[in-house]
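Visitor: When you get a sec, could you give me coordinates for this:
(one chain, ligands or ions: 1)
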Amino acid sequence: MTNNSPITTEVRDGILIVTSNNPPVNALGAAVRQGLAAAIDQLEGDDELKAAVIRCEGRTFFAGADITEFGKPPVEPMLPAVVDKIEASRKPVVGAIHGTALGGGLEVALGCHYRVAVPSAKLGVPEVKLGLLPGAGGTQRLPRVAGIEAAAEMCATGTPLGAKKAAEVGLVDKIAGEESLLDDALGFAKGVVGTEPRRSREMPVHGDPAFIQKFATDNAKKFRGFDAPAANLRCVQAAVELPFDQGIAFERQEFMKLMFGTQSAAQRHIFFAERQAAKIDGIPEDIQLRPNKKVGVIGAGTMGGGISMNFLQAGIPVTIVEAAQENLDRGTATIRKNYDASAAKGRFKPEQVEAFMGALTPTLDLEALADCDLIIEAIFENMDVKKEMFARLDKVAKPGAILASNTSYLDINEIAAVTGRPQDVLGMHFFSPANVMKLLEVVRGDKTAPDVLATVMALSKKIGKVAVIAGVCDGFIGNRMLKPRQVEAMKLLMEGATPAQIDKVHVDFGMPMGPFQMSDLAGVDIGWHRDPNRVENVRDALCAKGRWGQKTGKGFYDYDEKRRPSPSAEVQAILDEFAAKSGTAKREISDEEIVERTLYPMVNEGALILEEGIAQRASDIDVVWIYGYGWPVYRGGPMFWADTEGNDKIVAGLEKHGFKVAKLLKEKAEKKERFTRAV
Ligand code: T1G
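Guide: Just a heads-up that it's a prediction; the model follows:
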């Protein structure tokens, strides 16, 4: 170990203490790997040393291989060799685990002969979330240490185990005191001095091999489209069938296939994009934030209730305001019902639900918001209504309070202008259901102050949201890109495609549902003028016939009692009628044309959004679509996908169908440049 190595060693009672200090998460970069290998050489080479403890400083045990090294020339020793070296040691090595022992971090711990963990520790192999699999022996050692069932589930889902559960399956040998990890690990090491180390590779694979296929079948829907889950399960199966070294060779082969595939590149892109989205260009990360101890929500409808739940669950009290008692009662009852349902599923303990409800103050009095640090308006989506409310808020809210609108497309600048404090006004566009969807578009007005923006971005992370900053325009980022997709989808219906064909193209692409399934779910009647006698387009015709979507049992599809969709003759007749009226000739439409006319225009709109500075970066657009609309993470988001497709191919497709191509997109195509960083 060189003197500036992140790995240091010290000796205590004949035990070598090997410490990693590699912030922020002790990622297993080259210097760490070199230091660990040198420490094992030191252990083996000094007869005074009887055992070793491997531990980490900072917030966590090794949290995995250093993802920033991926795609770069490999630097020896590679992680599998380090794990093997630890395991081959003739003297016992104990892993002392706190924080999150993840990926390569857990694999290092599996190379150790024993594992001691604090109660709050988590142990997992989340590689599958990066489109990968544990590539340093994890798929072969976990079935031997923790059993087939735990190994299959951990590898295929990436879900970590808490220390207690890890101890139950044999992954942890001793639960240490939360504050006495090193002492307890040293004590454990002393207890095994002089014994033959228990090597994971020599332990028998145990558990029910049939579980692997059953797990794959039970999760087929969840794993649909992804390569990595099945690869992980194949490796666990190999552990059952092959001797250890052959299993390792199989794992290595499967790992390399994933590492150099587009899916992992896409998923690693999103890993970094999500973290990059939290950064605000031009605002220092250490800017002084405004207080955020108390939140006010105006409107106890679906959105207001869901928004309130986010803060209550983060331990932030909420005062919720409604105009009428019955709406207030209904809203708070709905919140209680949601929490009771979550508690019934084990997500919250009953006492947590009581605490959440105890921190909720329902009121009819807007003045009750006078001491709130942040007030979020979630009332009727109408500009006049919102402006009237913000004018009232301007008189009620304390100086410095942040005033946010949950509007999904209205102009934040126009709303801010009715207050005397436009610098304190911004948008917080939650996606429904607001307590479930992770995406939050934080809409900055022209006058929104930097500390207001930074405060809301920090608060968004605290309430578990993935926040993306958007500029003011119709639809901000997500809905603005949705619009051209919906417009083209409707045109394709006029030209001969069916709702089912178009939806299938999108579902096969990896979306959770297609444009018409989404419309039926959200409500065909959203934004409808409500006059059944005024029929000017297909949507009016559907709504006039009560075809408002799933909620009325029919929309673009007919639905049975289990809400299973089937094509509707009535809808087809309406489509044919409007096509005839508009003189549009019906024709066969290929799936390829549907992709070119519904997905390519989204990329084009994304390029315009970048040109106009509505999004800070292309990767932010990807984050919006992954977390707000279910774009398949293994395709990396619209802009990453365009880079993968080839921006020249996108331009050619758009031009073929007569679209005006955004300048930035054309430039990227001509220069063969990417919107996003290759990972
Ligand atoms: N490598 C490099 N940087 C990492 C990193 C990693 N593994 N994990 C986190 N960071 C950076 C992150 O980009 C951010 O940087 C900072 O650390 C704080 O992260 C061979 C192949 C550990 C639960 O997938 O899940 O091992 O933005 O904001 O919310 O089998 O980070 O500050 O500049 O997320 O407290 C497997 C990934 C790798 C774990 C902490 N391991 N990390 O969450 O902080 S592949 C993982 C996480 C592998 C082997 C395979 C989380 C966390 P910046 P953060 P956090």
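
Visitor: Sketch out the strands for the stretch 101-250 of the chain, chain order is fine.
Guide: Under the criterion DSSP state E, counting those that start in this stretch, the stretch 101-250 of the chain contains strands at 114-117, 122-124, 161-162, 174-175.

Visitor: and the longest one, what does it pack onto?
Guide: This means strand 114-117. strand 93-97, helix 163-169, strand 174-175, helix 181-192 (3 or more Cβ pairs under 8 Å, 6 or more residues apart in numbering; DSSP states H and E). The C-beta positions use only the backbone N, C-alpha and C, and glycine is treated the same way.

Visitor: Quick one: closest of the strands of the stretch 101-250 of the chain to residue 30.
Guide: strand 122-124 (23.3 Å; Cβ to Cβ).

Visitor: Any buried residues in the helix ranked longest in the chain, and which?
Guide: Using DSSP state H, we find that the single longest helix of the chain is helix 325-344. For helix 325-344, the neighbour count (16 or more other Cβ atoms under 10 Å) marks 328, 331, 332, 334, 335, 338, 339, 342, 343 as buried.

Visitor: ok, the fifth one to residue 292 distance?
Guide: As for residue 335, its distance to residue 292 is 21 Å (criterion: Cβ to Cβ, to the nearest Å).

Visitor: closest point of the stretch 151-300 of the chain to the ligand, which residue?
Guide: Nearest residue of the stretch 151-300 of the chain to the ligand: residue 275, at 4.1 Å (Cβ to the nearest ligand atom).

Visitor: returning to that earlier point: the helices and strands packed on strand 114-117 into JSON lines, with extra columns for mean neighbour count and mean pLDDT?
Guide: Output for these, formatted as JSON lines (neighbours: other Cβ atoms under 10 Å; pLDDT from 0 to 100):
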{"stretch": "strand 93-97", "mean neighbour count": "29", "mean pLDDT": "98"}
{"stretch": "helix 163-169", "mean neighbour count": "19", "mean pLDDT": "98"}
{"stretch": "strand 174-175", "mean neighbour count": "16", "mean pLDDT": "98"}
{"stretch": "helix 181-192", "mean neighbour count": "19", "mean pLDDT": "98"}
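
Visitor: got a pLDDT number for the closest residue to residue 122 other than its chain neighbours?
Guide: Nearest residue to residue 122, sequence neighbours excluded (Cβ to Cβ, 6 or more residues apart in numbering): residue 160, at 4.1 Å. The model reports residue 160 with a pLDDT of 98.

Visitor: so residue 160 touches residue 123, yeah?
Guide: Yes. The criterion here is Cβ atoms under 8 Å, and residue 160 meets it with residue 123 at 5.8 Å.

Visitor: shared neighbours of the two, anything?
Guide: Shared contacts of residue 160 and residue 123 (Cβ atoms under 8 Å, 6 or more residues apart in numbering): 100, 102.

Visitor: who has more neighbours, the two?
Guide: In this view residue 160 and residue 123 are compared by other Cβ atoms under 10 Å, and residue 123 has more residues nearby, 29 against 19.

Visitor: how far away is that one from residue 633?
Guide: Residue 123 is 23 Å from residue 633, by Cβ to Cβ.

Visitor: Residue 547 now?
Guide: Distance from residue 547 to residue 633, counting by Cβ to Cβ: 33 Å.
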